[in-house]
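> Next comes the sequence, and after it the predicted model I'd like to discuss.
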Amino acid sequence: MLIVLIVCAGFVNDLAAQDTIPAVASDTLVVLWSSGDPEVAEKACLMYTGYAKRMGWFREVILLAWGPSERLMSENEMVKEKIAALQKDGVIVQACIVCANMYDVTEDLKVCSVDVRGTGGLLTKYIRRGYKMISF
């Protein structure tokens with residue numbers, strides 16, 4: 001009888017382990033933003049990014065700007081204001097230096113306290129770490 005109980009206890013533990021929800025791989029969200037469309041920026045990308053941080057949906061939120069979004073960020077006052085608000089809320093805002101140099105907006109982005117640097121390897125690191133990703 002003791003053997004049966006030991007075997008059953010082991011089986012129950014195996015079942016419980018299978019039903020356990022695994023720990024979240026990452027509580028970091030990376031929003032990859034490449035669209036130069038102001039409507040996409042205002043009504044999708046920046047809005048979701050802000051809510052993700054303010055509502056606590058993710059502990060850490062990173063907005064990574066690439067290409068046309070960098071030009072939009074440097075030229076559009078509404079977008080600049082929204083970026084400043086995101087930063088105030090704790091969103092990390094980064095931009096690709098290669099793209100920024102192509103659009104000649106590197107200094108404009110730095111003035112807005114955007115972390116402008118090489119991002120190809122950085123994005124690869126985020127992916128390998130299992131960060132949650134969404135793109136606009």
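Perfect, I can see it now. Residues are numbered from 1 along each chain as shown.

> Which parts of this protein are strands?
28-33, 60-65, 92-96, 115-117, 132-135 (DSSP state E).

> Can you tell me which of those strands is most buried?
strand 60-65 (a mean of 24; mean count of other CB atoms under 10 Å). C-beta: built from backbone N, CA, C; applies to glycine.

> Which residues does that strand contact?
27-34, 45-46, 49, 52-53, 73, 83, 86, 90-96, 99, 109, 114, 119, 122-123, 126, 131 (CB atoms under 8 Å, 6 or more residues apart in numbering).

> low-scoring stretches of the chain, by residue?
For the chain, applying pLDDT under 70 flags the ranges 1-25.

> Quick check, central residue of it?
The residue lying closest to the centre of the chain (CA atoms, centre = their mean) is Val30, at 1.5 Å.

> Please look at that one and Gly130 and confirm they touch.
No. Val30 lies out of contact with Gly130 (CB atoms under 8 Å); the separation is 10.7 Å.

> Quick check: bridge partners of the residue nearest to the centre of the chain?
Beta bridges link Val30 to Ile62, Met133 when assigned by DSSP bridges.

> Quick check: it vs Phe58, distance?
10 Å (CB to CB, to the nearest Å).

> Need the overlap of contacts for these two.
Contact with both Val30 and Phe58 is made by residues Lys132, according to CB under 8 Å, 6+ apart.

> Helices along the chain, start to end?
Taking DSSP state H as the criterion, the chain carries its helices at 2-19, 38-40, 46-54, 68-75, 77-89, 97-102, 106-111, 120-128.

> Quick one: closest of these to Phe136.
Checking the helices of the chain against Phe136 by CB to CB gives helix 38-40 as the closest, at 5.6 Å.

> Cool, thanks, talk later.
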